[in-house]
Every structure is written in C-alpha cells, then in structure tokens.
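Asks: 3D model of this:
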Amino acid sequence: MSTRKNIGFLSFGHWTQHPTSATQSASDALLQSIDLAVAAEELGADSAYFRVHHFAQQLGSPFPLLSAVGARTKRIEIGTGVIDMRYSNPLVFAEDAGAADLISGNRLQLGISRGSPEQVVDGWRYFGFAPEEGETDADMARRHTEVALRVLTGERFAEPNPRPMFPNPPGLLRIEPYSEGLRERIWWGAGSNATARWAAKERMNLMSSTLKDDESGEPFHVQQRKQIEVFREEWARHDYGYEPRVSVSRSIFAITNDLDREYFLGSGERNDQIGYIDSTRSVFGRSYADEPDALIEQLRGDEAIQAADTLLLTVPNQLGVDYNAHVLDAILTHVAPALGWR
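Replies: Predicted coordinates for the structure are as follows:
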C-alpha cells in the first residue's frame with residue numbers, strides 16, 4: 001500500500017476571450033486562482049501551485065498572487081511550477097519571496113528552473129538580463145539561482161551606509177524581509193537526470209513535470225522514476241540533515257458525472273508522446289481520464305507517482321472554479337483513499 005501523498009493542483013492560469021471560457025481576462029485568472037486555492041483548502045487538498053510564463057495570457061507575476069492566496073488561506077501549501085530564473089533578479093526574487101512567505105505563515109514551496117521555450121525570442125533580454133561571455137541562457141538561470149539560494153539563507157553581505165536614513169544593526173546587511181526556513185522550500189524543475197542530480201547538489205527539492213528528456217527510450221513514468229532515484233542517490237551523498245521532497249505533475253480526471261463524460265471521457269492519452277524541445281528529444285507522459293475503479297488500477301502502475309511524495313494535478317482553469325474544485329474533490333474522494341494516499 002502506498003503512503004499518504006501530498007495532493008494539490010497546478011494551474012496554468014490561462015485566460016482567453018473565447019465564449020466558452022470561464023476565464024476571460026487577467027483579472028478573472030488571478031481572482032479565480034485565489035478562489036480555487038480557498039476551495040481546495042476547504043476540500044482537504046494539500047497544495048495550490050501556479051505556472052509562470054511571461055509574454056503570455058497566463059500568470060506571469062507570481063508573488064502578488066502567492067501573497068493574496070496566503071492572506072486568504074490558513075493551511076494549504078502555496079507554490080509555483082515554475083519560475084523561470086532567466087527572467088529573475090535573484091535579490092528581488094529573495095525579497096519578494098520572503099515577503100510572500102511571511103504573509104502566508106511560512107507556507108511557500110517555490111518551484112524554479114532554467115525555464116522552457118517562451119512566447120518571444122530571448123524574452124529575458126527585455127527584462128534586462130543577458131548571459132555573460134561563454135554562458136548559455138541555462139547557465140545564466142543557474143547563476144541567478146545560486147545567488148538567490150545564498151541570500152535566502154540570510155547571509156549578510158552588503159556594506160552599510162555610514163550615514164544611513166535609519167539606524168543599521170552592526171555588521172553587514174542582508175536581504176529583508178528574511179523568512180527563516182524558506183531556503184529549504186525551494187524546488188528545482190528538472191528535465192533530465194543530470195539536472196535532477198544538480199538540484200540535489202544545490203540542496204533543492206525535486207519538481208518533475210509531465211515531460212523530460214528522452215534518455216533511454218523507456219516509458220515516461222519509468223524514466224521519471226529513475227530520475228527520482230538519481231536525485232535521491234545524490235542527496236544521500238550529502239549531510240543536509242533533512243529529507244528532500246519530490247513532486248510529479250499529472251493530468252488525471254475521474255469520470256463521475258455526465259459533465260465529466262462530456263469533457264474528458266476518451267480524452268486520456270493511453271500512450272506517451274514524443275516531441276522536440278530546443279532540439280532535444282523529449283518524452284511527454286500520458287494523461288488519465290476514466291471512471292474511478294479503472295483509474296485506480298492505471299495509477300497503481302505509474303512508477304513515478306508511486307515514488308514521489310507530492311502529486312500535482314493539472315487543472316483546466318478555463319472551466320471555472322466550481323468545476324475545478326469538483327475535479328479535485330473527485331480524486332480526493334474516489335481515488336486517493338483506495339491507493340493509500342488518504
């Protein structure tokens with residue numbers, strides 16, 4: 001029997017003015033995201049995560065949203081999947097993250113990464129960033145990450161002004177507000193075994209999505225399970241003093257009523273898909289949509305879900321808050337207990 005899992009949602013936060021969309025504007029996407037997090041907490045879900053994409057009709061500015069969710073909820077974890085560190089000033093990131101974490105009562109779980117293909121070419125350049133000589137944009141993201149991780153520890157590094165506007169404490173200054181413990185709640189979105197190993201070396205939790213580099217030709221869930229093993233093996237080589245977290249995301253829909261059947265019956269991809277991202281062959285994991293009994297048996301065979309401690313359910317946010325709350329409730333009520341997750 002599987003152990004209890006942390007179960008939450010991952011919202012892409014799309015909006016569109018298409019007449020069938022319940023999310024017509026940026027305002028709708030933001031306010032409905034807050035409402036869905038509140039509803040998820042009431043249903044007993046463990047976490048509310050949000051995708052971050054720039055130059056797109058999606059949730060591009062995470063910290064105001066995370067702060068608002070933190071102010072409206074009391075228990076649920078609040079996270080991102082993922083913040084593209086190519087676009088992030090690491091010191092501003094640390095300030096914003098510290099403030100949002102304090103507002104939420106230390107419930108942030110921040111997924112970050114080197115990013116994925118974006119809506120515009122080299123979009124990070126418009127934000128004022130450029131790789132240093134000899135760097136790739138992925139190298140730049142990792143450099144930004146290393147700085148952010150260091151200052152999130154509360155390291156004091158800034159020379160104080162001898163004539164400050166307000167009195168300073170003695171010695172060097174740190175980024176404020178500082179939120180103790182946030183450094184241990186940073187996750188790296190890894191697309192390969194090598195980046196999973198790097199995440200463990202940098203003392204970050206592992207966030208693995210619905211796609212990864214196709215490194216062996218094996219089924220996606222098998223490759224992802226092996227990626228998790230690589231991460232945990234590397235982590236075990238270090239004396240960090242605590243156990244890491246590992247999340248995987250999936251599209252999973254339990255068919256329990258006629259509306260579910262209309263939306264999703266027959267839509268579950270029974271097989272993995274192959275594609276190319278930045279000229280790298282990638283494998284995309286299957287989705288699941290079936291009646292609960294069949295779904296339970298299918299999920300038993302997903303090796304990566306079994307290996308992870310956290311499962312993030314991708315939700316179709318444009319179908320509205322009430323329907324997405326139903327999607328979560330169906331998994332929590334009809335699927336999770338039979339798998340030992342509740």
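
Asks: surely residue 302 meets residue 221?
Replies: Yes. Counting by Cβ atoms under 8 Å, residue 221 is a contact partner of residue 302 at 4.7 Å. Bear in mind the C-beta positions are built from the backbone N, C-alpha and C, glycine included.

Asks: tell me which element residue 281 is part of?
Replies: Here residue 281 sits within strand 280-284, counting by DSSP states H and E.

Asks: what lines up beside the following helix or strand past that strand in the sheet?
Replies: Once strand 280-284 ends, the next helix or strand along the chain (criterion: DSSP H and E) is strand 288-290. Strand 288-290 has the following sheet partners, assigned by DSSP bridges: strand 252-254 (parallel).

Asks: by contact count, what packs against the helix or strand just after the partner strand?
Replies: For strand 252-254, the following helix or strand on the C-terminal side (DSSP H and E) is helix 258-264. Contacts defined by 3 or more Cβ pairs under 8 Å, 6 or more residues apart in numbering; DSSP states H and E place helix 258-264 against strand 252-254.

Asks: contacts for the strand it packs on?
Replies: Outside strand 252-254, the residues within contact range by Cβ atoms under 8 Å, 6 or more residues apart in numbering are 260, 263-264, 267-268, 287-292, 295, 299, 313, 327, 330-331, 334-335.

Asks: not counting its neighbours along the chain, what's nearest residue 131?
Replies: Nearest non-adjacent residue to residue 131, counting by Cβ to Cβ, 6 or more residues apart in numbering: residue 140, 4.4 Å away.

Asks: contact partners for the one you found?
Replies: Residue 140 makes contacts with 86, 124, 129-132, as judged by Cβ under 8 Å, 6+ apart.

Asks: if you set the cut-off to 10 Å instead, what comes out?
Replies: Contacts for residue 140 (Cβ atoms under 10 Å, 6 or more residues apart in numbering) come out as 85-86, 114-115, 124, 129-132.

Asks: residue 195: which of these is nearest?
Replies: Set against residue 195, the nearest of the contacts of residue 140 by Cβ to Cβ is residue 114 (7.7 Å).

Asks: which element, helix or strand, includes the residue nearest to residue 131?
Replies: helix 137-152.

Asks: the residue lying closest to residue 202 once chain neighbours are set aside - how many residues pack around it?
Replies: Nearest residue to residue 202, sequence neighbours excluded (Cβ to Cβ, 6+ apart): residue 149, at 6.5 Å. Neighbourhood size, residue 149 [other Cβ atoms under 10 Å]: 19.

Asks: what does residue 138 give?
Replies: Using other Cβ under 10 Å, residue 138 has 16 other residues around it.

Asks: quick one: it and residue 124 touch, right?
Replies: No. Applying Cβ atoms under 10 Å, one finds residue 138 not in contact with residue 124, separated by 11.2 Å.

Asks: common neighbours of these two, please.
Replies: Residues within reach of residue 138 and of residue 124 at once, by Cβ under 10 Å, 6+ apart, are 85-86, 115, 131.

Asks: reformat these as JSON lines; add distance to residue 63.
Replies: As requested, the shared contacts of residue 138 and residue 124 are exported to JSON lines (distance: Cβ to Cβ, whole Å):
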{"residue": "85", "distance to residue 63": "14"}
{"residue": "86", "distance to residue 63": "17"}
{"residue": "115", "distance to residue 63": "17"}
{"residue": "131", "distance to residue 63": "25"}
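
Asks: contacts only, for residue 248.
Replies: Per Cβ under 10 Å, 6+ apart, neighbours of residue 248: 206-210, 221, 224-225, 227-228, 285, 302, 304-312.
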